[in-house]
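Visitor: Pasting the sequence and the predicted model now:
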Amino acid sequence: MRKSKERKFITIFGSVILLLVAVQYVVLSIIAVRNYVKMLYQQEDVRLLSVAAEPDAETCTLYRDKTWLESRFQLTKADSISLSVNLKDSVLQLELKGVVLKSSKLIDFQIDELFRRLNIGAYHHYFGEPARGTSLLSTIARSPLVVKKAPRDSVEYANQQHIIATTRQEIVHWMLTLDNQIVLKIEGVDTDARSEWLQSKQFWWKQDLKQAKTDLQKTIRFKQPDYRPSISLILNEADAKAIFRALPDQPQVCVRL
């Protein structure tokens, strides 16, 4: 009877602790987002470009078009391949000195709620000039090359092990973090084949779990979790793979919402 009461007490006590930690995490996450937005609008460039009365929709569209063209013009000065993300026309492009090397139509995309509420000053802060990639994670190799030594004669060839190459479906996901704290999440989708849903989501779950672990450690110490706005892009699997492998290690990226 006594052991049963102890187990019941431990169960209830543990549940209360978990509930308090969950509530604490939610509260600190909300505070982290609000502080992030507050710091954004305190930036000098944001304050200088912000106006008392926000322009109408047509003026904002023209301003974003102007910013997009100026940002792409800056990319023409770079000597390496760059990435342009045009969400207005749902297009992802590889460019080199103003020449479009590859263009891919986006199947779908999602943007952080923060980007829907940007004024002109905050929009320019993020997208007024090209950003630089700082880290790149993926489910596929950058250079999948296999170096094999050619046999000297037919005898050596016959003694070698030969494996017939087969078409193997790959899960193509990659994530690019930019120096302006934006995270680009690219997911390749094979429209001609049915990939396993569980397998296709493992990469993102792994990243989410890693981030959750970090956030939980900060929550327990009464620190705010990290907040980074993200843009998620879905495109053809072959294009996602080709674009990923063509990019340099730290590509320049310009975005048009």
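Guide: Done, it's in.

Visitor: Residue 182: what's it in contact with?
Guide: Contacts of residue 182 were listed using Cβ atoms under 8 Å, 6 or more residues apart in numbering, and they are 126, 131, 228-231, 255. Where you see a C-beta, it was placed from the backbone N, CA and C, and this is true even at glycine.

Visitor: any idea where the helices of this structure begin and end?
Guide: 2-40, 44-49, 57-75, 120-127, 154-159, 197-220, 237-246 (DSSP state H).

Visitor: rewinding a little: just the buried ones from the contacts of residue 182, in PyMOL syntax?
Guide: Buried subset of these, written as a PyMOL selection, criterion 16 or more other Cβ atoms under 10 Å:
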select buried, resi 126+131+229+230+231+255
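
Visitor: Would you quantify the distance from residue 118 to residue 136?
Guide: Separation of residue 118 from residue 136 (Cβ to Cβ, to the nearest Å) stands at 25 Å.

Visitor: which of those two has more neighbours?
Guide: residue 118 (20 against 17; other Cβ atoms under 10 Å).

Visitor: neighbours around residue 244, how many?
Guide: 21.

Visitor: ok, it touching residue 175?
Guide: No - Residue 244 is beyond contact range of residue 175, at 10.4 Å (criterion: Cβ atoms under 8 Å).

Visitor: number of nearby residues for the residue nearest to residue 103 when sequence neighbours are not counted?
Guide: Excluding its sequence neighbours, the residue lying closest to residue 103 (Cβ to Cβ, 6 or more residues apart in numbering) is residue 93, at 4.8 Å. A count of nearby residues for residue 93, using other Cβ under 10 Å, gives 18.

Visitor: Local confidence estimate at the residue found closest to residue 177 once you drop the neighbours it is linked to in the chain?
Guide: Using Cβ to Cβ, 6+ apart and skipping the chain neighbours, the partner closest in space to residue 177 is residue 135 (4.6 Å). In the prediction, the pLDDT value recorded for residue 135 is 90.
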